[in-house]
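Novice: Using only what follows, build the 3D model:
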Amino acid sequence: MISTIKLDMTQVSGQYGIVLVTTASREEAEAIAQTLVRERLAACVNFMPIQSIYTWQGKVHQAEEWQLVIKTNLNRFAHLEAKIREIHSYEVPEIIALPILVGSQSYLNWISEMVAP
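Specialist: Now for the predicted structure:
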């Protein structure tokens with residue numbers, strides 16, 4: 001059975017998003033998460049171990065990495081990206097933003113309160 005999701009476009013907001021970042025270690029993931037939350041660039045950061053397969057410098061690699069799932073206000077993306085680049089160990093870190101199309105209004109309001117200029 002295929003279900004259809006109907007969006008109330010009056011409630012769609014491009015303001016909020018999830019930013020994905022990978023790191024080489026739990027310690028680095030935790031340090032980035034702590035920094036982003038402390039500096040109010042993220043409301044919440046989850047991190048978990050993942051397996052990655054990727055091509056780097058012409059060779060295929062497989063490695064255990066840590067995936068950060070960062071909940072933020074995308075109006076602060078430039079500052080968030082700059083802070084991640086400043087403290088990240090990778091030469092080319094993954095920093096990609098996905099918009100939250102809809103969400104619990106109380107949760108989105110909380111993101112707004114926690115992520116401030």
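
Novice: Am I right that L80 is in contact with L41?
Specialist: Yes. Contact criterion Cβ atoms under 8 Å: L80 and L41 qualify, at 4.4 Å. Every residue, glycine included, has its C-beta placed from N, CA and C.

Novice: OK, contacts around the nearest residue to I100 once chain neighbours are set aside?
Specialist: Excluding its sequence neighbours, the residue lying closest to I100 (Cβ to Cβ, 6 or more residues apart in numbering) is Y16, at 4.3 Å. Applying Cβ atoms under 8 Å, 6 or more residues apart in numbering, we find Y16 in contact with K71, T72, N73, L74, P99, I100, G103, L108, I111.

Novice: With distance to S89, pLDDT and neighbour count added, can I get these in a markdown table?
Specialist: Formatted as a markdown table, the contacts of Y16 follow (distance: Cβ to Cβ, whole Å; pLDDT from 0 to 100; neighbours: other Cβ atoms under 10 Å):
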| residue | distance to S89 | pLDDT | neighbour count |
| --- | --- | --- | --- |
| K71 | 23 | 98 | 23 |
| T72 | 21 | 97 | 27 |
| N73 | 26 | 95 | 23 |
| L74 | 25 | 95 | 19 |
| P99 | 28 | 94 | 12 |
| I100 | 28 | 93 | 18 |
| G103 | 32 | 90 | 15 |
| L108 | 32 | 94 | 19 |
| I111 | 27 | 96 | 19 |
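
Novice: Noted, bye for now.
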